[in-house]
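Asker: Provided below for reference: sequence and predicted model.
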Amino acid sequence: MAEFSTSVRESGDISIINLKGFLDAHTAPTLENNFTQLINDNKYKIVVNFSDLAYISSAGLGVFMAYIESIRDNKGDIKLTNMSDRVFNIFDLLGFPLLYEIYKNEDEAIKKFSGS
């Protein structure tokens, strides 16, 4: 089975999830747990860093769709950063850039949350 891991860290009131490896149907529950925990902790400003993500499947994309409404209903958002061209092309093909803000790096996404 493909390796996948996440780590979560805080930058002020913003939570940053780092993805590593292969996000697919078998590994998606790990990311789901991250989103569930953040929502349970009332943390709705989320940046997801894709710099170490090698692959994402439709099941992986589905995780983002499953949580975005709840997060936005609570005045938050999920901002995406550091995507490889390969991963971005999958998001782009499915129209995700219309639904999510995608940034080149983490700092840009964090500044967007603070209104800069």
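Answerer: Arrived safely, thanks for sending.

Asker: Which stretches in the chain count as helices?
Answerer: 28-40, 58-73, 85-93, 106-113 (DSSP state H).

Asker: centroid residue for this structure?
Answerer: V48 (3.4 Å; Cα atoms, centre = their mean).

Asker: and the gap between that one and I71?
Answerer: Applying Cβ to Cβ, to the nearest Å, the value for V48 to I71 is 11 Å. Every C-beta, even on glycine, is put in place using the N, C-alpha and C of the backbone.

Asker: Spell out which residues are contacts of both of the two.
Answerer: The contact sets of V48 and I71 overlap at I78 (Cβ atoms under 8 Å, 6 or more residues apart in numbering).

Asker: quick revisit: spatially nearest residue to the residue nearest to the centre of the chain (excluding sequence neighbours)?
Answerer: I17 (4.9 Å; Cβ to Cβ, 6 or more residues apart in numbering).

Asker: Just name whatever secondary elements the longest strand along the chain is in contact with.
Answerer: Within the chain, and with DSSP state E defining each element, the longest strand by residue count is strand 45-56. Contacts defined by 3 or more Cβ pairs under 8 Å, 6 or more residues apart in numbering; DSSP states H and E place strand 45-56 against strand 14-23, strand 77-81, helix 85-93, helix 106-113.

Asker: and with 10 Å instead?
Answerer: strand 4-11, strand 14-23, helix 28-40, helix 58-73, strand 77-81, helix 85-93, strand 101-103, helix 106-113 (3 or more Cβ pairs under 10 Å, 6 or more residues apart in numbering; DSSP states H and E).

Asker: Would you tell me which of the ones you listed gets closest to D52?
Answerer: D52 sits nearest to strand 14-23 of all the helices and strands packed on strand 45-56, at 4.0 Å, using Cβ to Cβ.

Asker: Just give the number of residues close to K43.
Answerer: 18 (other Cβ atoms under 10 Å).
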